[in-house]
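> Okay, sequence plus prediction incoming.
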Amino acid sequence: MRRTVLALLAGLLFGLGLAVSGMTDPDKVLNFLDVSGRWDPSLALVMGGALAVTVPSFAWLRRRGRTFDGAALPPPPAGRIDARLLAGSIVFGIGWGIAGYCPGPALAILVHAREAVAFVLALVAGSQFARLAMPRPLKART
Amino acid sequence: MPTAFTPVTALIGGVLIGLAALLLYALLGRIAGISGILNNAIETRDGRGWRIVFLLGMVVAATAWFAFDGAVPRSGFPLPWLLAAGALVGFGTRMGSGCTSGHGVCGLARLSRRSLAATLAFMGAGIATVFVLRHVLGVLP
């Protein structure tokens, strides 16, 4: 029950952050990526604000080695940079650069913006296709 | 459509996102990577509860904000491009094991080399894509 309440709180904060920051506005995202055109640097500050919180706090948690509940933190990230990681990230970036949506913002505005529904449906389809098409079953890790 | 540089709300929003990720990490031991949370919410029974609640929270908060703020969402974006973009994002985030929140916010904070590589890759691809579509081909707004 407590886990559910905390997850809800985290989700509310996350959604609010996305909305307030302007990241749910695909035009703002596309303009950030449009470095040679009508460049809007806002996304850099969104990332900066988020990292300002997570970098020091995650480092502290890493030293601590445990969550506040005493549970184990996720294992340290694997180091190996492979073709799948890079190719997948590039494919994601292309999709991102077409419509200006990544998963979080598109989901967050499902109610607010009709076009997000089509995007998310296609996203789920694409993700399921990848899962079935990949040589090894890819279980998402979070 | 040109958009204004909004440093204050960008920073505030970013901090909120960071706090959300911290909450999830410090108290649940989970990474706030939306692509993974969504995939697992669909496919994995174990932990489905907290994931669905998290995603619902995201939708509720953003919806409430826009009810108050009154901003009008984008409309008229060509559907075939929208679907193609969604499919690529879904496929790519699965293949690349993460998205902007998972790799960009959490992965970098965990000093993950993989996340750094992923972030540079999707940022570069995004920038290149916008350049080609807007300035070379002139196809999308």
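That came in fine, so what should we check first?
> who's in contact with residue A:58?
Applying C-beta atoms under 8 Å, 6 or more residues apart in numbering or on different chains to residue A:58 gives the contacts B:22, B:25, B:106, B:109, B:110. (Glycine included, C-beta is placed from N, CA and C.)
> Pretty sure it sits in a helix.
Yes - assessed by DSSP: H, G, I helix; E, B strand; the rest coil, residue A:58 belongs to a helix.
> Against residue A:30, how distant is it?
29 Å (C-beta to C-beta, to the nearest Å).
> ok, back up a step: of the contacts of residue A:58, list those near chain A.
B:22, B:25, B:106, B:109, B:110 (C-beta under 8 Å from any C-beta of the partner chain).
> okay if I get those residues as JSON lines plus pLDDT and distance to residue B:128?
Below are these laid out as JSON lines (pLDDT from 0 to 100; distance: C-beta to C-beta, whole Å):
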{"residue": "B:22", "pLDDT": "97", "distance to residue B:128": "32"}
{"residue": "B:25", "pLDDT": "94", "distance to residue B:128": "32"}
{"residue": "B:106", "pLDDT": "94", "distance to residue B:128": "25"}
{"residue": "B:109", "pLDDT": "94", "distance to residue B:128": "26"}
{"residue": "B:110", "pLDDT": "92", "distance to residue B:128": "27"}
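> which ones among the residues you listed are found in helices?
Among the ones next to chain A among the contacts of residue A:58, DSSP state H puts B:22, B:109 in helices.
> ok, back up a step: which one of the contacts of residue A:58 is nearest residue A:122?
Nearest to residue A:122 among those: residue B:106, at 24.7 Å, using C-beta to C-beta.
> Which residue, other than its chain neighbours, is closest to that closest one?
Nearest non-adjacent residue to residue B:106, counting by C-beta to C-beta, 6 or more residues apart in numbering or on different chains: residue B:31, 4.8 Å away.
> wait, doesn't the one you found sit right on residue B:22?
No - using C-beta atoms under 8 Å, residue B:31 is not in contact with residue B:22, being 11.3 Å away.
> Which secondary structure element is home to the residue nearest the centre of chain A?
When C-alpha atoms, centre = their mean is applied to chain A, the residue found nearest the centroid is residue A:104 (5.4 Å). Using DSSP states H and E, residue A:104 maps to helix A:103-108.
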